[in-house]
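A.B. asks: sharing a model prediction with you, sequence too.
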Amino acid sequence: MIVDHLTPPYYAVIFTTIMKDNIVGYAQTALRMEELAKQQKGYLGIESSRSEIGITVSYWQTLDDIVAWKNNVEHTEARNLGREKWYQKYQLRICRVEREYGFEKSLK
């Protein structure tokens with residue numbers, strides 16, 4: 001699903017991953033992190049694709065909200081599991097979104 005209800009400025013956290021071969025438990029943890037993120041102050045939405053390269057973009061009101069999410073205890077535990085078990089490599093980018101636009105074809 002594409003998040004299309006946001007009003008700039010806001011922040012995007014882009015999390016790109018390359019997975020190891022054995023990722024037992026990853027899907028359940030990823031779903032839990034999405035549920036948990038939705039409960040955090042400043043959370044605006046998430047878009048995710050997990051295939052050869054995983055890309056998850058979450059949207060936040062402020063940089064402080066992003067830091068609070070990073071420091072969430074359960075999120076920290078999941079991040080540590082990812083480093084130990086699931087990720088071959090990951091890169092995280094934090095961006096300020098100044099402008100956005102989109103397109104949607106009507107269903108006629």
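C.D. replies: Ah, there it is.

A.B. asks: going forward, measure contacts and count neighbours with C-alpha atoms only.
C.D. replies: Noted.

A.B. asks: how far away is Ser49 from Ile14?
C.D. replies: Using CA to CA, to the nearest Å, Ser49 is found at 12 Å from Ile14.

A.B. asks: brain fart, Gly82
C.D. replies: 16 Å.

A.B. asks: after the helix or strand containing Gly45, next one along is what?
C.D. replies: Take DSSP states H and E as the rule and Gly45 turns out to sit in strand 43-50. Proceeding N to C from strand 43-50, the next assigned helix or strand is strand 54-60, under DSSP H and E.

A.B. asks: what's downstream of that following strand, the next helix or strand?
C.D. replies: Toward the C-terminus, strand 54-60 is succeeded by helix 63-70 as the next helix or strand (DSSP H and E).

A.B. asks: pull that following helix out as PDB, backbone CA atoms only.
C.D. replies: Extracted as PDB, the C-alpha positions of helix 63-70 are listed here (Å, rounded to 0.1, in the frame of the first residue of the first chain):
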ATOM      1  CA  LEU A  63      13.500  13.700  14.200                       C
ATOM      2  CA  ASP A  64      12.800  13.300  17.900                       C
ATOM      3  CA  ASP A  65      10.000  10.800  17.100                       C
ATOM      4  CA  ILE A  66      12.500   8.800  15.000                       C
ATOM      5  CA  VAL A  67      15.000   8.700  17.900                       C
ATOM      6  CA  ALA A  68      12.300   7.600  20.300                       C
ATOM      7  CA  TRP A  69      11.400   4.800  17.900                       C
ATOM      8  CA  LYS A  70      15.000   3.800  17.600                       C
END
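
A.B. asks: once you drop chain neighbours, what's closest to Val57?
C.D. replies: If the residues on either side of it in the chain are set aside, Val57 comes closest to Ile14, at 4.5 Å by CA to CA, 6 or more residues apart in numbering.

A.B. asks: repeat for Gly42
C.D. replies: Spatially, and ignoring its direct neighbours in sequence, Gly42 is nearest to Gln61 (4.8 Å; CA to CA, 6+ apart).

A.B. asks: any idea how far the one you found is from Pro8?
C.D. replies: In this structure, Gln61 and Pro8 are separated by 9 Å, where distance is defined by CA to CA.
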